[in-house]
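J.: please work out how this folds:
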Amino acid sequence: MGDPLSTVPKIMSPLAIRFSQPRICPTFRSGDTVDNVVTTISVVPPPPGCPFDGLITPPFPEIEVIRFRPKSKETEDVARDERFEGWFSLDNRRLYALQ
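T.: Coordinates of the predicted model:
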């Protein structure tokens, strides 16, 4: 069995990823503003077999996301609250720029 905390690269739509915090700082550590970074993002053709029409190429490293699925506090028969399930970003400024 593999390491449950290992990283596996994925190609995902930024619109399928949720923010992990309610606010972001408008500037990156480099001093660039999110608005300025957005203007430098481009789209390139995807590799063969990719289900997307294009791939976003930002001027920053890939974002890290985690899959969150809360455990039910009651029996397993009780439906989970799906509002809190999904992929969440650990890099909210970068996600905001990609969206």
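
J.: switch to C-alpha atoms for all contacts and neighbour counts from now on
T.: Will do.

J.: which residues of the protein fall in strands?
T.: Ranges of strands in the chain, per DSSP state E, are 17-18, 42-44, 55-57, 65-68, 86-89.

J.: what residues does the last one touch?
T.: The contact list for strand 86-89, computed with Cα atoms under 8 Å, 6 or more residues apart in numbering, reads 16-20, 63-69, 95.

J.: and the helix or strand of the chain with the lowest mean pLDDT, how far out from the chain's middle?
T.: The helix or strand of the chain with the lowest confidence, counting by mean pLDDT, DSSP states H and E, is strand 65-68 at a mean of 88. Here the centre of strand 65-68 is set off from its chain's centre by 8 Å, with Cα atoms, centre = their mean, to the nearest Å.

J.: stretch 54-64 too?
T.: Averaging C-alpha positions (Cα atoms, centre = their mean) puts stretch 54-64 10 Å from its chain's average.

J.: what about it, average pLDDT?
T.: Regarding stretch 54-64, the rounded mean pLDDT is 92.

J.: number the chain from 269, please
T.: Got it, first residue is 269 now, which makes that one stretch 322-332.

J.: quick one: pLDDT of the closest residue to R286 other than its chain neighbours?
T.: Excluding its sequence neighbours, the residue lying closest to R286 (Cα to Cα, 6 or more residues apart in numbering) is F356, at 4.7 Å. At F356, the predicted lDDT confidence score is 93.
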